[in-house]
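Chemist: Return a 3D structure for these sequence lines:
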Amino acid sequence: FTDKTQTITYVYTKDPILGGEVTVRYVDIDGNKISDDVVKTGNIGDGYSTEQESIPGYTFKEAKGNTSGAFTDKTQTITYVYTKDPILGGEVTVRCVDIDGNKISDDVVKTGNIGDGYSTEQESIPGYTFKEVKGDTSGTFTDKTQTVTYVYIKNATKVTTMIIDKSEHLNTQKSSVPNELPETGENQGKVVLMVVLGFAILIFSTVLIFSKYKKIK
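Modeler: Down below sits the predicted model:
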């Protein structure tokens, strides 16, 4: 001891306390895992940092959570979200054929990325009536080509109508010929009858006049 106050300080280091895990997740926009999770561990108070990965076929969109910080007594999650890069899918060909498989309209070819939706429409084709469709009229593009076939039946209505019209026209012509002939014969008979009557009257008048003339003499 002296005439002055003295201080003795004992310095301690804090025993490390393991903090909660920090989990780094990599998902697509639908929440599907596209890469293995990364789990980081450390003592409470220690710092951590996370990284955005380069994932083939995907493009980074956003991060959810603190990409860097300190470990606490609670678990933490950082989520990196990616959008899938578009991949051109197989073509979808729409065909219009008759019942014998003959093409009756130009094919329609649809293109799109794998996973994108497609839809097809039934065409209105002059002279044909829709019968059935073979294949999926709507769906999604895949890595394979797809074909949708619309089948039509050829109409026979117009041809039948023309035959009926011609037949009726022929029947009309045939039926009109007999009608005209009787009318012509009747007119000719009337003329002959009038001529005969005229001659008869003329002869009768001549005879009558001649008889009177003889009596006067």
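
Chemist: can you pull out the helices in the chain?
Modeler: Per DSSP state H, the chain carries helices over the ranges 157-216.

Chemist: Would you point out the helix or strand in it whose mean pLDDT is lowest?
Modeler: helix 157-216 (a mean of 63; mean pLDDT, DSSP states H and E).

Chemist: Pass me the low-pLDDT residue ranges in the protein, would you?
Modeler: Flagging of the chain using pLDDT under 70 yields the residue ranges 157-189, 210, 212-217.

Chemist: Find the nearest non-adjacent residue to Gly47, please.
Modeler: Ala70 (5.3 Å; C-beta to C-beta, 6 or more residues apart in numbering). In this view, the C-beta of every residue, glycine as well, is placed from N, C-alpha and C.

Chemist: Tell me the spacing between the one you found and Thr13.
Modeler: According to C-beta to C-beta, to the nearest Å, Ala70 stands 18 Å off from Thr13.

Chemist: The two: which has the busier surroundings?
Modeler: Set Ala70 next to Thr13 and count neighbours by other C-beta atoms under 10 Å: Ala70 wins out with 15 against 5.

Chemist: Is the more buried one in contact with Asp46, as I believe?
Modeler: Yes. Judged on C-beta atoms under 8 Å, Ala70 makes contact with Asp46 at a distance of 6.5 Å.

Chemist: ok, the nearest residue to Pro16 once chain neighbours are set aside - contacts?
Modeler: Excluding the flanking residues, the one nearest Pro16 by C-beta to C-beta, 6+ apart is Asn43, at 4.1 Å. With contact taken as C-beta atoms under 8 Å, 6 or more residues apart in numbering, Asn43 is in contact with Pro16, Ile17, Leu18, Gly19, Phe71.

Chemist: dump the residue contacts of the last one.
Modeler: Put plainly, it is Phe71. Residues near Phe71 by C-beta under 8 Å, 6+ apart: Gly19, Gly20, Val22, Thr41, Gly42, Asn43, Ile44, Gly45, Asp46, Gly47, Tyr48.

Chemist: The nearest residue to it once chain neighbours are set aside and Lys40: what is the separation?
Modeler: Nearest non-adjacent residue to Phe71, counting by C-beta to C-beta, 6+ apart: Gly19, 3.1 Å away. From Gly19 across to Lys40, the span is 10 Å (C-beta to C-beta).

Chemist: Counting neighbours, go ahead and name the busier of the two.
Modeler: Gly19 (21 against 16).

Chemist: what's the burial count for Ser105?
Modeler: Per other C-beta under 10 Å, the neighbour tally for Ser105 reads 14.

Chemist: my bad, should have said Lys144
Modeler: So Lys144, with other C-beta under 10 Å, has 9 neighbours.

Chemist: My guess is it contacts Thr93. True?
Modeler: No. Between Lys144 and Thr93 there is no contact under C-beta under 8 Å: 12.0 Å.
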